[in-house]
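Visitor: Starting from these lines, generate the structure:
(chains A and B)
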Amino acid sequence: MKKVTLTINGIRKQFIVHPDRVLLDLLREDLRLTGAKQSCDRKGQCGACTVVVNRKATRSCLAKVADLEGAEVITVEGLGTPQNPHLIQEAFVLSGAIQCGFCTPGMILAAKALLDEKPNPSVEEIKAALRRILCRCTGYKKIIEAVQLAGRFLRKEITPDQVRPDPNGPKIGVNHPRPSAMAKACGVAEFSADIKVEGAAELAAVHSPHAHARIKAIHTAAAEKMPGVIGIMTAKDIKGTNRLKFVVADRPVLCNTTVRYIGDPVAAVLAESREQAVAAAQAVEVAYEPLPIIKSPAEGLAKDAPQLHSDWPNLCYSQPQIRGDAEAALAQSAFVVETDFSTQMNHQAPLEPEACVAYLEEGDEGEEPILVVIGRSINIHYHLGMLQGALGYENMRYEEAYSGGQFGIKIDITSEGLAGAAALHFRRPVRYIPSLTESMYLSPKRHPFEMKMRLGADRQGKLTGLTMDYVVDNGAYLSAGRAMIFRALYMLSGSYYIPAVKALGKLVYTNNPWGSAARGAGPPQANFAVESAMDMLAQKVGMDPLEFRLMNSLRPGQPKSTDRVVDQWPFPELVEAIRPHYNRAKKEAEDFNRKGGSMRRGVGLGTGAFGISMSGDSANVAVELDPDGGLSVFAAAADPGEGNDSMLTQIAAHLMDLPMSKIRLVTRSTERTTATGPAAGSRMTYMVGGAMVDAIQKLKSAMAEAKATTYDQLKAAGKPNRYMGTKKNQDAAAKIDPVTGLGSSFESQVHAIQMAEVEVNTKTGDVKVVKMTTAVDAGMVINPQNLEAQLEGGVDQGVGYALREEYVAGQTKDWITFRFPTVTTACEMEHIIRETPRNTGTLGATGVGEMTMVPTAPAITNAIFNACKARVRHLPATPDKILAALGKA
Amino acid sequence: MDQPAEASRPAGPESLQVQVRSLAGREIVFDSEGFLSDFRQWTEEVAGILAQESGLEALTDTHWQVIRFLRDYYLQNGRAPLHRELKKGTGMSLLEIESLFPGGIKQGARRLAGLPNPKTCGQS
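Guide: Numbers count the residues shown, from 1 in each chain, chains lettered A, B, ... in the order given. All right, here's what the predicted structure looks like:
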């Protein structure tokens, strides 16, 4: 042990520590300063733990306390509080630089160290200072802008009050700070791992190293005797169905007889400390009998393939879409592109581990205790029902903690099943804070697609027909897999009118990691093929890709490939809006390429028409007029970073003519909220916002009827002060024809056209994205910063998806092997925002969160082609594929 | 993300189909497991027909007590009550309620009361 004196946030203290104790653990565990976060298993990869030590930004997971004698440490809690924030914290809030907030404390402290040394840093200096801190939400643009604004504040060029919108001014279309942003900026927003539960034991799971095997025996005796071990739980200890039934009951909380992918959980160890639990988990011996492994959909569909689940065939879902006679149309087409495409399995990569806390709370007298699960869910009522069935326990409550990003991964349950089961089995409070590698094992992935397609056009360049056969690797468990198939189909024709379509999607069980929602969920994969083929076809026709897209735009009164006729389609206007940028970019690329050499510049386009609100979708929201005239909103509207708190608060304040401070959101607990459905599918503004508008209209009607302007007057008139509103998709009764797949579709669309400018090194195959320009129309904008933030984060994810990222089971284990995008890989971005009020939208608004990465990958691969004639049809477009396409492999 | 309506096993698109039935003189939309797609389409007459179809000869006052509590609770709270809330609200034991409705509370009482499918929770 070693005695060390540190000054932390101005308070001098002595610590007697083990030589290996790192500063992060001292801050989080001993001092409860949980603003410093942990994502990368203390490998120094994520920077979420960055604090200031002796005026330098320092990754506290790498700094040993024993080496810090006399050091001065500043954590985010020492910088400012929500009541008295530091100017840098104000700058981050006012710049819209905070989404999920998990990286925010580290970013703010790195900014402080920089600005203390260089009050007016350049963008390159800011990037250098932030290069070791990862962010998945923002695309880094607004973070850089926040550091610049903080510099202006600190240099006294401007004050926060001069930037902050008037809280009593207009509410819609204004950058009012997110209600949750300052808590995140000051490190007081509690994520699951930050929640202190007295007496909580720590859980670690035993995961299968095999992709497919029978469990012959689980030997726990040696592990049970290890220090600190409370017990070991296996499938037999789970009292319910032990199946997490998202759509079908195929995924066990703990595997009983068979493991079906690398990472499948087999046993769970509960111990007094995380280290003890991990050590004991490693000592659990599982005897496996290897079974034949289905490595791909082709193997799963083979005649002699073993059936992965006895109750369901390997071909677990298929759906056609047939409109017109595509074969005849293509046979008569002057130009046809026929080719294949594929996309990779990917990790959604929220920074926060799959953390969860579970404990038993005293129930009413005579009642069984309440199992409280606090975790990462974006659909708490649905997940509560799944847990009740799996664990065989009814009296439960689910609470959403602050959530460190999601991007689809939190559509389904992971750590909650294990933590909840352990809390019930051992009757102890449980913390389950999995490592990053374990989190990757536990969580669902983006589905890989294999696509064969033909796209035709007539002599004038009008699209004639499309065929598409796609096979989707579902992995070991179904989760939301079917939605990938039908979502890809329902958005298949994208921005265009295609008179004849013949498509078939197949979903196949394999022994790969299970897939589920991932930003866009289906359309980003299918759209990569369609938008690549659009460029290939434009070339055959001899048209400019922009003109070709404009000519083939769907128009109001025409049907999508689902046969649904649209009444609004503000896409041509976006094409016109991006045209000057496109002309500028093409000219710059020509000038660049005229110089010759191995570096080639290219400009590429991609478009997206992203559907929002599937038929049958519905949401409930309740509002209450409070005694002081404020409004409480009750809705399970999860907010893992998109800004749903802004959306609800600004709309409610606008409709009620109240200050934002008088809108009180109650969103996190199943006991107090309405069931709104998932914070997914880009549906929150459209569906949940719409349900809240309905509730407020009912309240206002009641007040008008009672001639009441206050709570007291309303109550005196005998009227209730609580009203429930609903938004229901208008197609509740729409049917899908089983033969043609026609009839059902999304109710609203967000439109975009995106332009990539890239530089390709034709010697190495390396690609640099110079700039991404997005023209978007998501209807009326409620908070411009939040809309831009979705665009920027989505583009950054789209660039990673296009060029680098891939999840390879057993190989991808951390942020380095994942190739997480950093501030140094982030590109310049520009947005053109048009606002066409949507007839069925919420105050004319629809959604935007997923569309933003739908066109990105094809825009980039089209730009690569235009730079150097290398057509990449299989993502990611890594240097080896580009060199191969150039004939240099 | 959209979650399709529940099906007992994955199959073709027909398993995702909503069902439109003519009941009590109206077109009523059901999900694939027989739950109303829209709780606002419910009427007492619809409840009576669904009860008969599920094997109940008639709905008694006790049945109606449970159904009315479920509906009132849902309309007020936007979600189905937890079992302990149901017990408290009706003054009945869970066993009593379970045995009153074929399918029990979740698949029986809630379906007759026109609440959404517990598995779809406000969406389909």
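Visitor: Just give the number of residues close to the residue in chain B positioned nearest to chain A.
Guide: Minimum separation of chain B from chain A (C-beta to the nearest C-beta) falls at residue B:78, amounting to 2.5 Å. C-beta here means a position set from N, CA and C on the backbone, and glycine is covered the same way. Under the neighbour criterion other C-beta atoms under 10 Å in any protein chain shown, residue B:78 is assigned a count of 26.
Visitor: list the contacts for it?
Guide: Taking C-beta atoms under 8 Å, 6 or more residues apart in numbering or on different chains, we find residue B:78 in contact with A:620-622, A:634-635, A:673-676, A:724, B:122.
Visitor: swap in residue A:553?
Guide: By C-beta under 8 Å, 6+ apart, the neighbours of residue A:553 are A:495-497, A:569, A:571-572, A:575.
Visitor: Kindly report the same for residue B:96.
Guide: Under the criterion of C-beta under 8 Å, 6+ apart, the contact list for residue B:96 is empty.
Visitor: How far off centre is the one helix or strand it maps to?
Guide: When secondary structure is defined using DSSP states H and E, the element that contains residue B:96 is helix B:94-100. A distance of 15 Å separates the C-alpha centroid of helix B:94-100 from that of its chain, computed with C-alpha atoms, centre = their mean, to the nearest Å.
Visitor: ditto for stretch A:358-376
Guide: Taking C-alpha atoms, centre = their mean, one finds the center of stretch A:358-376 at 29 Å from the center of the full chain.
Visitor: Now do the phi/psi pair for the residue of chain B closest to chain A.
Guide: Recorded main-chain torsions at residue B:78 are phi 70, psi 20, according to degrees, to the nearest 10.
Visitor: Let me see the contact set for residue A:105.
Guide: Here residue A:105 is in contact with A:35-37, A:48, A:50, A:75-76, A:185, A:187 (C-beta under 8 Å, 6+ apart).
Visitor: likewise residue A:149?
Guide: If a contact means C-beta under 8 Å, 6+ apart, then residue A:149 has A:91, A:94-95, A:163 as its contacts.
Visitor: residue closest to the middle of chain B?
Guide: For chain B, the residue nearest the mean C-alpha position is residue B:111 (1.3 Å; C-alpha atoms, centre = their mean).
Visitor: my read: that one touches residue B:50, true?
Guide: Yes. With the criterion set as C-beta atoms under 8 Å, residue B:111 and residue B:50 qualify as a contacting pair; they are 6.7 Å apart.
Visitor: shared neighbours of those two, which are they?
Guide: residue B:34.
Visitor: tally of neighbours for the residue in the stretch 401-550 of chain A that chain B sits nearest to?
Guide: Residue nearest to chain B within the stretch 401-550 of chain A (C-beta to the nearest C-beta): residue A:517, separated by 4.1 Å. Other residues within reach of residue A:517 by the criterion other C-beta under 10 Å amount to 32.
Visitor: For it, list the residues it contacts.
Guide: With contacts taken as C-beta under 8 Å, 6+ apart, residue A:517 has the following neighbours: A:408-409, A:411-412, A:444, A:479-480, A:483, A:680, B:1.
Visitor: Repeat that for residue A:60.
Guide: If you count contacts by C-beta under 8 Å, 6+ apart, residue A:60 has them with A:22-24, A:27, A:36, A:49-51, A:53.
Visitor: Now residue A:149: which helix or strand?
Guide: Residue A:149 belongs to helix A:141-154, assigned by DSSP H and E.
Visitor: Give me the next element, helix or strand, following that helix.
Guide: Where DSSP H and E defines the elements, the next helix or strand beyond helix A:141-154 is helix A:160-163.
Visitor: Now the residue nearest to the centre of chain B: closest residue in space that isn't a chain neighbour?
Guide: If the residues on either side of it in the chain are set aside, residue B:111 comes closest to residue B:35, at 5.4 Å by C-beta to C-beta, 6 or more residues apart in numbering or on different chains.
Visitor: Local confidence estimate at that neighbour?
Guide: Per-residue pLDDT puts residue B:35 at 91.
Visitor: And residue A:364, by the same measure?
Guide: What the model reports as pLDDT for residue A:364 is 80.
Visitor: do the same with residue B:13
Guide: Taken from the predicted model, the pLDDT recorded for residue B:13 is 41.
Visitor: repeat for residue B:10
Guide: Residue B:10 carries a pLDDT value of 35.
Visitor: same question, residue A:786
Guide: In the prediction, the pLDDT value recorded for residue A:786 is 98.
Visitor: Would you confirm that it contacts residue A:647?
Guide: Yes. In this structure, residue A:786 is within contact of residue A:647 by C-beta under 8 Å, at 7.4 Å.
Visitor: which other helices and strands contact the longest helix seen in chain B?
Guide: Counting residues, the longest helix in chain B under DSSP state H turns out to be helix B:61-77. Contacting helix B:61-77 under the criterion 3 or more C-beta pairs under 8 Å, 6 or more residues apart in numbering or on different chains; DSSP states H and E are the following elements: strand A:722-728, helix B:83-90, helix B:94-100, helix B:110-112.
Visitor: What sits closest to residue A:447 if chain neighbours are left out?
Guide: Once flanking residues are discounted, residue A:447 sits nearest to residue A:515: 3.8 Å by C-beta to C-beta, 6+ apart.
Visitor: ok so residue A:665 is a helix residue?
Guide: No. Read with DSSP: H, G, I helix; E, B strand; the rest coil, residue A:665 is strand and lies in no helix.
Visitor: Can you tell me the closest non-neighbouring residue to it?
Guide: If you skip the residues right next to it in sequence, residue A:665 has residue A:633 as its closest partner in space, 5.2 Å away by C-beta to C-beta, 6+ apart.
Visitor: Quick check: next helix or strand after the strand or helix carrying residue A:317?
Guide: Per DSSP H and E: residue A:317 is located in strand A:315-323. Next along the chain after strand A:315-323, taking DSSP H and E as the criterion, comes helix A:326-331.
Visitor: Take the contacts of residue A:105 and keep only those in helices.
Guide: Of the contacts of residue A:105, the ones assigned to helices by DSSP H are A:76, A:185.
Visitor: got CSV for the contacts of residue A:105, with distance to residue A:8 too?
Guide: As requested, the contacts of residue A:105 are exported to CSV (distance: C-beta to C-beta, whole Å):
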residue, distance to residue A:8
A:35, 12
A:36, 11
A:37, 17
A:48, 18
A:50, 15
A:75, 7
A:76, 12
A:185, 19
A:187, 13
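Visitor: Out of the contacts of residue A:105, the closest to residue A:437 would be?
Guide: Using C-beta to C-beta, the shortest approach to residue A:437 within the contacts of residue A:105 belongs to residue A:48, at 16.4 Å.
Visitor: Touching, the closest one and residue A:37? I think so.
Guide: Yes. Using C-beta under 8 Å, residue A:48 is in contact with residue A:37, at 3.8 Å.
Visitor: Need the residues touching each of the two.
Guide: Among the neighbours of residue A:48, those also in contact with residue A:37 (C-beta under 8 Å, 6+ apart) are A:102-103, A:105-106, A:351.
Visitor: what's the farthest-apart pair in the residues you listed?
Guide: The widest separation within the shared contacts of residue A:48 and residue A:37, taken as C-beta to C-beta, falls between A:105 and A:351 and amounts to 11.8 Å.
Visitor: Overlap of the contact sets of those two?
Guide: Looking at what touches both residue A:105 and residue A:351 (by C-beta under 8 Å, 6+ apart), the common residues are A:37, A:48.
Visitor: where in the stretch 151-300 of chain A is pLDDT low?
Guide: By pLDDT under 70, the stretch 151-300 of chain A has no low-scoring segment.
Visitor: What residue in it comes nearest to chain B?
Guide: Nearest residue of the stretch 151-300 of chain A to chain B (C-beta to the nearest C-beta) works out as residue A:248 at 5.8 Å.
Visitor: For burial, what's the neighbour tally of the closest residue to that residue other than its chain neighbours?
Guide: Take residue A:248 and drop its neighbours on the chain: the residue closest to it by C-beta to C-beta, 6+ apart is residue A:478, 5.3 Å away. If you count neighbours by other C-beta under 10 Å, residue A:478 ends up with 26.
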